[in-house]
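> got a predicted structure plus its sequence, pasted below:
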Amino acid sequence: MARLAMLIDLTRCIGCDACTIACKQENGTPADVFFARVLNVEAGTYPTVKRIYIPVLCNHCDNPACLKACPNKAIFRRDDGIVLIDQDRCRGAGACVSACPYGNIILTDRDRWYLPDDRPYERDFVRPRLKEQVARKCTFCAHRVDQGLEPACVVACPTTARIFGDVEDPSSKISRYIVEQQETTGRQPFKLLPEAQTQPANMYLGTMAAQEVSTTEAPPGRREIPTEAEQQRERTGVLVGAARLFTGFTLLWLIAIAVLLALQAKAQPNGAAPTPSELYADSACAGCHGPNVMGGLGPPLAETKLTYDQFLKIVREGRGMMPATPVSEMPDQEVRVIYDLVRQTRLDIMQVPTSYKVGQWLSTTHVAVIFSIVTLIALVFTIRVILYWVDCAGWKYLKPYLQRFGYGRALGVFLRSLVVDGLLVAHLWRKDRFRWLMHALMLYGFIGLGVADILMTIFNPTRGTLPITHPLKLLPNIAGLLILAGIVYVRYRYSEDPYIDNGVTLSRDYTFLSLLTWTILTGFLVEGLGYAGAYMWIQPAYMLHLALVAGLFVTAPFTRFSHVFVVPILIALTRVTSQVAFSGVEAGFLDEPSPGRHHKSERIAADVLQQVAPEVAGQFRLRYYP
Amino acid sequence: MATLHAVPGRIPKPAPQEKVRVVRTTDSPNCTGACGWMATVVNDVIVDLKPAADYPCEEYNPRGCLRGMSMTHIIYGPDRIKTPLIRVGERGEGKWREATWDEAMDYIAQKMKHIMENYGPESMLLFNQVVGTSYVQKGAQIRMAALLGMSFATAYDYNGDISMGFTQTFGIDSVECETKSWGYAKYAILWSSNVLQTRIPDAQFLTRFAKQRNNCKIVSIDPRCSQTAKAADLWLPINPGTDGALALAMCQVLIEENLVDWEFLRTYTDCATLIREDNGMRLRASNVGMGGENEFLVWDETRQELYKLPTDTLELPEDVRPAFRGEWTVQIDGKPVRVRPVYQLLESVIMRDEYTPERVAQITDIPAETIRQVAREYATTKPAIIIIGMGINHRYYGDLTIRSILLLSTLAGNYGTPGSGVSIYSGQHHFRIDISGFWYPDGKRPNVVPLHYFVLGKPTETINPKIKYPKHGFKALFVSHGNPLVTEFSSLMKQAIDRLELFVVIDFSMTPTCEYADVVLPAPTFWEKYDLVGTSCHPYLQIQQPVIPPQYESRTELWMVQELVKRVAPELYHYFDLTELDAVRILLETGGKETEGITLERLLQGPVRLNVPDPEIGLDEQLLHKKPFPPRAYPFRVEQQREFLKTGRMEFYKEEPIYQQMGESLPVFKPAFSHLPEEDQKMPLCIVTPHSKWRVHSTHSNNPVLLNVNRKPVVEINPRDAMARGIRDGDLVEIYSNYGSYRLWALVTEAIKPGVVCVDHGWWDRYLAGGKYHSVHTHQKIKPTHEAYFLPAVYAPGQHWKDTRVDVRKVE
């Protein structure tokens, strides 16, 4: 196994942009698409100014955020560590653009070119190389690497500031250089943004120049106007942070309580009907009828406290999974006889089946509490995951620009994108209708199940038996069937697609797929058992179903399930960022090569300055020219 | 090679099966890089350029930069001229007729004949930028000018590239060590030099070799925290134009702390020669009957008598100890005349109060302690190198500044080893070989007139008598690969062009100068023709090859010259009946000792190192072999340079009357802006116009791929100046002076000294937000001392475009 990586020596780098241009030429990128950028940082205030150049390119991470975020599995990692975007698979969703914490993925709406259409150089040799409207990034010049050549930026660097090779091979150029520099200049390589946990392959060596300044001029007493505003923000920063923490916790609790209340309400009977405890509390037969557990277990209703009318009503209308007995099948007198018999029968606690006791314990409240805990755990992890992705999207550094852009406006863009890109999956609709359809089976099936559950809670809180033709019955069944069809397709695709393994996420993908498959299958099993009259099996099947649902939810943040919330959020953030970039709120965004990653570049600059010049890390500016 | 692949998806796509050719060539814009490239060609289209990295000296690999690599976007660029164009409207109106070559050539030839008959051939002026990049093609134009008797304006003097301070001191306009030599330095002073941006292929000798190998301390003296300050250990934000004072203060520190290298002064300089008090001239051997007019005397302390300096060597007998201080009386024509050594005079100037570090700190804004420290470190760390940038030379008193810096280096004796000396990489005019054999057939030379006089429209009163300004003035101008309408004095230049009967421009891109032409002739780029290329930055001779055929209707310069000569003077055609490769052979055969043994066949294999020392340290013959100064400036003979340097030693005392009149016999400091009219001096800001990595002068200004990164022209301004004018980052602003104005965008940055603004050199007007680029600059003016001597491209009038004061206002 090899691990290809690049080492960038910041002492050698002169910020000449030769790598930027060499890359453009090698990869035939259109205007505004730059895989190898050089950040030009000036830090400090006159006269104590420092300059630094930071070449950035795809880090070919061991744990690539882009790869995990890709909804189409178009991004994959080769055995030598190169992370590539499959240009044929990419559907241009844009999730990876936000996901990459380094801002190294570029997705443009339409390609603009440099030369007139009649120039054969560009027309015949450059334009055909890349596909339009797909995400693109540095490939470490994989096509050159495969021919035994070094990447274009490496061979073009006039100061040999870029050293490329296999870090796992101690005799490689890069490994020897690291050792040599540790010995001669005492410099240790560092990686960018370790907190993003992406484990980048690329390394940097710090600058050696002292960059001191000597002048008789005193540093200015007053700083630039915007800087004062920044100071103001810094002062209020701590309070704001505390307030936000408090709000966050409160919100979390409110959500938790709301969920509990909702589940409680679900347990409440509607109208004037007797409460379940009134109905069945002491009945050995409660398991047959209760809204708490759906099982027809059939032991005698010994010492029942029900009145005859109540008993008759239950028999005639059915409850829970207990089927209704029409008048024609059993005359009232017979019911009366049964009723009397039941009342006289002494309750022998030993006769009550364990499943009934479990069912008894699994009251609505208990289920609600369990699911609340499950959901809470899932929620905590989900929030952590979302925070991770929001961090990857560079939220902290985007915020100052959002403030100028307007939070309201940004929220509008965000919500619109959630609908268009998340709910309607517009990008897929445009690119690949068949895949959209398959995706829709799953997506809308899921939504159907959710809606069915809500409607059921409202209109049939006791989960009374409904005929198969009832809308409340049709909806979940159709939704389930849609998902099932989707699963069948996905499973087919997984078995047929030789490239389904992107080198990182396969186990997590299969975890989700398996859990989902079994969840849906057990759901139908429960339904089927009811119709088949195999009441004995309903409860175990149902409990299995519940366990699977819980498993699905709890593992959601770690499996492919997470794409349900991750992808729409990332796409929406990508849309917001590009809106900010093109709104002109900040010169930096528009002026940079590949507009739209200014805030991430700032994050990298802050990180590198922390390593090489901590004293001025607080105040720096990125410059795109001259 | 590899570019034919699509970006790989899961399954590697096979490369299209095309016939691929790989050609080794070198490009040659006026950046002095002369980098070797490997071009991949498919169907006669360049699809890939990669550094050739085939220099036998491994340290030079790889060479190349973003401009060379993006040449594809110029070769196939949107502004490429496709056919000859003949103007049909008014000049600059933009109305053209696409012509055939025959039409265009007939048109020009007929005009030329008319001018030659009526005004003489010297009324036609050839101005080509810059011949050092193209010994064959542009050489052919000079060959034609020489044979027809045309006037020729060398680009170097008009560009302000000639550092007269060097010629005055060393007898040659510039001294450059090969850049490999930088890597040996343990101390480097980058004096207003931005090598990290302007010498990209050579920058690694500082950041990689000097810094990483020797832990060299790098000092950057620049009003702007230029990109080079990134590699600097110490940045000295100097007040623009006060560099001379800084150098003299450092000299004072050296003398005060006794860090002077007396042995060096004794051997290599004129410091011991005696100066007469009566007329300020040097004491000559002929004055006291000891020898000839050009033999000079020192006072030998061992024998306590006058000693005549040898003229054939710098070596002095061991027991001769020339006095540096003292005063003696000699009898000249029966009269007693007091004489003193040059050093005594120098010391009396340097030790003046005005050059104490404390006083100089006040004008330069560099603390006295730092001045002392840098001077001390420079004198005691060996080898230490000084690299001078052109900024300080583009000033009216720039020669004085450079003389002061050379004095500093000489006092410290920091010469003679790799990584020492003073180098000034000012364009590609330091000819590596003798090109006379091809350029000047039968010893015929064109009539050289600096372009300054063309722009001024008449000779100055103080013009050097060697310059033959045409009797009838100029009637035709041929500009080849030049863009003078994008330089600082473009408005005057335009007026001068308006007086012409014929204005021909030869270029590959439709430049602003082309737009003003009568006839535009499409030339091939460096990638479409043969040529021979040398540079001062490295000692490799390289051949330029036609990687692709000339695009569209373009024809090589040699072809154009052949066609013109056929029409204008068919009797001379036999001089031009040769191919480019024939010309290369001639150049190699007659190139002097540097090209001995180098054949065309070897050159076609790859770069060949000239016969020069390795590493070349600059002034090699003088410093290593004690051969008298000046070093030969090709294509001239040393005898022609003798007038600059009669003593044959580094001269810090200039005896010519004009220097004495201006008080510049010795290096002194004169405030940079003091020669300007009072209303100019009142403008609050200095403007500097440095070269950037995006352009070679104005070439690449229109390169679409570079414009994609460097999107618009900006003026760098310090927040303190910006705040006072209500300017915020990104605002549209106007720079104005008493001469003009133009609009662009503000870049409010902490990386520039307050009181200084900076605009990149070379923007074409069309990229500005309005106005004429460079229109704010002070008008053309010639310093009389620059007319003291004349030798084309070695000593000729300089430029002072950095002596400009402006102001900036916000555009509402």
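Looks like it arrived, so ask away.
> where along the stretch 351-500 of chain B do the helices fall?
With DSSP state H, counting those that start in this stretch as the criterion, the stretch 351-500 of chain B has helices at B:357-364, B:368-380, B:398-412, B:436-439, B:451-456, B:490-498.
> out of those helices, name the one with the poorest average pLDDT.
Least confident of the helices of the stretch 351-500 of chain B, judged by mean pLDDT, is helix B:490-498 with a mean of 89.
> may I ask which helix or strand of the chain has the lowest mean pLDDT?
Using chain A. Lowest mean confidence among the helices and strands of chain A (mean pLDDT, DSSP states H and E): helix A:276-280, at a mean of 37.
> sorry, should have said chain B
For chain B, counting by mean pLDDT, DSSP H and E, that's helix B:155-158 with a mean of 86.
> so what does that one touch, helix or strand wise?
strand B:124-128, helix B:451-456 (3 or more CB pairs under 8 Å, 6 or more residues apart in numbering or on different chains; DSSP states H and E). Bear in mind the C-beta positions are built from the backbone N, C-alpha and C, glycine included.
> pull the number of nearby residues for the closest residue in space to B:Ser123 that isn't next to it in sequence.
Sequence neighbours aside, B:Lys475 is the residue nearest to B:Ser123 in space, at 4.3 Å (criterion: CB to CB, 6 or more residues apart in numbering or on different chains). Per other CB atoms under 10 Å in any protein chain shown, the neighbour tally for B:Lys475 reads 22.
> ok, A:Glu217 next?
Residues near A:Glu217, counting by other CB under 10 Å: 16.
> for it, helix, strand, or coil?
Here A:Glu217 is coil, with the state taken from DSSP: H, G, I helix; E, B strand; the rest coil.
> low-confidence bits of the chain, can you list those?
Because you didn't say which chain, this covers chain A. Low-confidence segments of chain A (pLDDT under 70): A:1, A:219-251, A:253-254, A:256-305, A:317-329, A:342, A:345-365, A:461-465, A:533-537, A:585-587.
> wrong one, I was asking about chain B
Those would be B:1-18, if you go by pLDDT under 70 across chain B.
> how far away is whatever residue of the stretch 351-500 of chain A ends up closest to chain B from A:Ile75?
Across the stretch 351-500 of chain A, no residue is closer to chain B than A:Tyr499, which sits at 4.8 Å (CB to the nearest CB). Separation of A:Tyr499 from A:Ile75 (CB to CB, to the nearest Å): 11 Å.
> over to A:Ala201?
For A:Ala201, the distance to A:Ile75 equals 15 Å [CB to CB].
> re earlier: wouldn't the residue nearest to B:Ser123 be in contact with B:Phe503 here?
No - B:Lys475 is beyond contact range of B:Phe503, at 10.1 Å (criterion: CB atoms under 8 Å).
> chain neighbours aside, what residue packs nearest to B:Gly457?
B:Ala496 is the one closest to B:Gly457 (CB to CB, 6+ apart), at 5.7 Å.
> wait, the one you found sits on B:Tyr453?
No - taking contacts as CB under 8 Å, B:Ala496 lies outside contact range of B:Tyr453: 9.7 Å.
> assign B:Pro336 to helix, strand or coil.
strand.
> where does the residue nearest to it when sequence neighbours are not counted sit: helix, strand or coil?
In space, and not counting its chain neighbours, B:Pro336 is closest to B:Thr329: 4.9 Å by CB to CB, 6+ apart. Assigned by three-state DSSP, the conformation of B:Thr329 is strand.
> B:Thr329: neighbour count?
10.
> what bridges to it?
Beta bridges link B:Thr329 to B:Arg338, judged by DSSP bridges.
> check contacts around it.
Taking CB atoms under 8 Å, 6 or more residues apart in numbering or on different chains, we find B:Thr329 in contact with B:336-339.
> hmm, try it at 7 Å
B:336-338 (CB atoms under 7 Å, 6 or more residues apart in numbering or on different chains).
> dump the residues you listed to CSV, plus neighbour count.
CSV is the format used below for the contacts of B:Thr329 (neighbours: other CB atoms under 10 Å in any protein chain shown):
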residue, neighbour count
B:Pro336, 9
B:Val337, 18
B:Arg338, 13
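> closest one of the residues you listed to chain A?
Nearest to chain A among the contacts of B:Thr329: B:Arg338, at 41.3 Å, using CB to the nearest CB.
> hang on, the closest one packs against B:Glu327?
Yes - B:Arg338 is in contact with B:Glu327 according to CB atoms under 7 Å; the separation is 6.0 Å.
> pull the number of nearby residues for A:Leu573.
Using other CB under 10 Å: A:Leu573 sits among 26 other residues.
> got it, and A:Arg416?
If we define neighbours as other CB under 10 Å, then A:Arg416 has 13 of them.
> helix, strand, or coil at it?
Per three-state DSSP, A:Arg416 ends up helix.
> counting neighbours, go ahead and name the busier of A:Ala201 and A:Ile75.
Taking neighbours as other CB under 10 Å, A:Ala201 and A:Ile75 compare with A:Ile75 leading, 29 against 22.
> name the SS class of the nearest residue to B:Tyr396 once chain neighbours are set aside, please.
Excluding its sequence neighbours, the residue lying closest to B:Tyr396 (CB to CB, 6+ apart) is B:His800, at 4.1 Å. For B:His800, the assignment made with three-state DSSP gives coil.
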